[in-house]
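>>> Sequence and predicted structure, then a few things I'm wondering about:
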Amino acid sequence: MNLERVDAVVVGGGISGLVAARDLARAGRRTVLLEGRDAPGGSVRSHTVAGLVLDAGADSFATRSGTVAALVADLGLGDRICTPSPTGAWVELTTGPHPLPRTGVLGLPAHPFSTDVRDTIGTWGSVRAAFDLVAPARVGAGADTLGGLVRARMGRRVVDRLVRPVVGGIHAADPDAIALDAVAPHLAAALPGARGSLARAVGTVSAAAPAGSAVCGLDGGIHGLTDALVADLLAHGGDLRTHNRATAVHRTADGWRVDLVNGALVAEHLVLAAPVLTGLPGLDEVELDQGAQVTLVTLVVDDPRLDGAPRGTGVLVAPGVEAVRAKALTHATAKWPWLARAAGPGRHVLRLSYGRGGDQATVLPEDHGELLALALADASHLLGLPLDAGLLIGSDVVRWTQALPRPSAAHRDAVAQVRAVTAELPGLAVTGAWVAGTGLAAVVEDARGAAARIL
């Protein structure tokens, strides 16, 4: 059988695969990027609702390392970088809505006695959290989870009212199932210099961050990053093939064979930006986290009452709030000025997220109309305003699977095993959120490293 031979194959067309393939193509390698779905980008894709082109997944990137901003500038999109509205966000607790403290990382407060922290965790909660500032470094040092560490140093209220809603909303994980270094390695690295204090470490990380917001977006939507990466890949001779799912990879005498549902490719170099491990020695039994199943319901409503952004840029929901099923609500037109301009006065984009680590058994309505009714009811509760179907002018439902691997200890050990095995195989590199963690900053940096190792 005659097999098509190229210089490099990249499996997985999410952002990590696009970045790695682009770097290889720009270096002159004849590169094929394989994507099993109908379009590249992974969770950084667009959809159109009520005539508005919106982000269907991620809508921002962390600025701390500068990695994503540098890539955006290199792609000629630097003038489109924008910051979200400074109006702040809220958290929905069993006691009702509270402003989310502005100075924090993963919900951890830098100033336990600040007004917004006291409003959310109470005076006693602030007193208990301040213990972190005087406690010796050994307190919490033996904790093997983020929840255990925070509970030991700052107390239960910080875990339940701040950290749990933030970690559940962003990482679809439970703080008692993950370690600090798995979700915030920069914060973990700052702990020794902060004498074990989480509050001081948060202050150190915040002070070292670039001026401006901790996150940024792109005017027009972060999906513009996907479009620019695809265009640059193709401009440098790369070949993007959608509807091409890899099923296995095998080492050959002079490179790698990638088996597809229909056919195969042979290449000198291989980058696995998706966890296709079948055929690799020593990895048959590895068990990676399959990622949380996240459902996003986007609502476009005409309601001038929302012009005042009653809950700022959105609301994170703490576990135990029985009145709503959503884990978070983003008031997108309040968050992004460019989108408010595009939507026009009185028109608002609301996005509700469902699917939290630990409650994957929760069943959402399969009927589209019932799901929209649930989303409208949840939005009404979280925003403190009754919204009915008569205000709705457009909607869409997007379901993501395997987009948010939960950074548990078991997953971290599995990733370490994958990296150790693949590091010994010539011409092979692995990258993607499944090994690098969630967030564009993590996956872009890791993808560029993977391409550099190949080159």
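Perfect, thanks for sending it.
>>> Quickly note the distance from Leu260 to Ala246.
Using CB to CB, to the nearest Å, Leu260 is found at 6 Å from Ala246. The C-beta positions use only the backbone N, C-alpha and C, and glycine is treated the same way.
>>> next one: Glu35
According to CB to CB, Glu35 and Ala246 sit 10 Å apart.
>>> what does Asp7 give?
Distance of Asp7 to Ala246, computed by CB to CB: 17 Å.
>>> And for Pro337?
Separation of Pro337 from Ala246 (CB to CB) stands at 41 Å.
>>> And Gly41, by the same measure?
Applying CB to CB, the value for Gly41 to Ala246 is 18 Å.
>>> ok, now Ala189?
For Ala189, the distance to Ala246 - CB to CB - is 35 Å.
>>> if we can go back for a sec, between Asp7 and Ala246, point out the one with more neighbours.
The residue with more neighbours, out of Asp7 and Ala246, is Ala246; 24 against 17, by other CB atoms under 10 Å.
>>> Contact partners for Ala141?
Taking CB atoms under 8 Å, 6 or more residues apart in numbering, we find Ala141 in contact with Gly196.
>>> Model confidence for it, exactly?
Looking at Ala141, its pLDDT is 89.
>>> for Asn2, same thing?
Asn2 carries a pLDDT value of 64.
>>> what's the neighbour count on Val363?
7.
>>> hang on, I meant Gly432
Gly432 has 27 neighbouring residues, counting by other CB under 10 Å.
>>> what do Leu260 and Ala246 both touch?
The contact sets of Leu260 and Ala246 overlap at Leu34 (CB under 8 Å, 6+ apart).
>>> Tell me which helix or strand Cys216 sits in.
Element membership for Cys216, per DSSP states H and E: strand 215-218.
>>> what comes into contact with stretch 307-318?
Against stretch 307-318 from outside (CB under 8 Å, 6+ apart): 84-85, 87-94, 97, 99-100, 160-161, 164-166, 168-169, 324, 326-331, 334-335, 345-346, 348, 382-385.
>>> Tell me how far it lies from the chain's centre.
Offset of stretch 307-318 from its chain centre (CA atoms, centre = their mean, to the nearest Å): 19 Å.
>>> Likewise for stretch 53-60?
Computed by CA atoms, centre = their mean, the separation of stretch 53-60 from the middle of its chain amounts to 11 Å.
>>> what do you get for stretch 238-255?
That offset, for stretch 238-255, works out to 26 Å (CA atoms, centre = their mean).
>>> do stretch 219-233 as well
Stretch 219-233 sits 17 Å away from the centroid of its parent chain (CA atoms, centre = their mean).
>>> same question, stretch 88-101
For stretch 88-101, the distance to the chain centre is 21 Å (CA atoms, centre = their mean).
>>> And stretch 191-199, by the same measure?
Worked out by CA atoms, centre = their mean, stretch 191-199 lies 26 Å from the chain centre.
>>> quick one: low-confidence ranges for the chain?
Within the chain, the stretches with pLDDT under 70 are 1-2, 103, 208-213, 292, 357-362, 402-404.
>>> quick one, strands of the stretch 351-455 of the chain?
Ranges of strands within the stretch 351-455 of the chain are 392-400, 428-430, based on DSSP state E, counting those that start in this stretch.
>>> List the contacts of the longest one.
The reference is to strand 392-400. If you take CB under 8 Å, 6+ apart as the criterion, strand 392-400 is touched by 43, 47, 49-52, 56-57, 293-302, 347, 368, 371-372, 375-376.
>>> from these, which would you call buried?
For those, a burial check counting by 16 or more other CB atoms under 10 Å picks out 43, 47, 49-50, 52, 56-57, 293-302, 347, 371-372, 375-376.
>>> quick revisit: what are the pairing partners of the strand holding Cys216, and which direction each?
Strand 215-218 has its sheet partners listed here by DSSP bridges as strand 61-62 (antiparallel), strand 81-82 (antiparallel).
>>> Pick the most deeply packed of those strands.
Highest mean neighbour count among the strands paired with strand 215-218 (mean count of other CB atoms under 10 Å): strand 61-62, with a mean of 23.
>>> Following the chain onward from that strand, which element is next?
Counting by DSSP H and E, the element after strand 61-62 in chain order, helix or strand, is helix 67-74.
>>> Next, the buried residues of that following helix.
Of all the residues in helix 67-74, those buried under the rule 16+ other CB under 10 Å are 67-69, 71-72.
>>> So what's the gap between stretch 27-38 and the chain middle?
On the basis of CA atoms, centre = their mean, stretch 27-38 sits 23 Å off its chain's mean C-alpha point.
>>> For that stretch, what is the spacing between the initial and final residues?
27 Å (CA to CA, to the nearest Å).
>>> so which strand or helix has Gly220?
Counting by DSSP H and E, Gly220 is part of no helix or strand.
>>> That one against Trp338, yeah?
Yes. The pair Gly220 and Trp338 passes the contact test of CB atoms under 8 Å, sitting 6.6 Å apart.
>>> Of those two, which one has the most company?
It is Gly220, of Gly220 and Trp338, that has more neighbours when counted by other CB under 10 Å, with 18 against 15.
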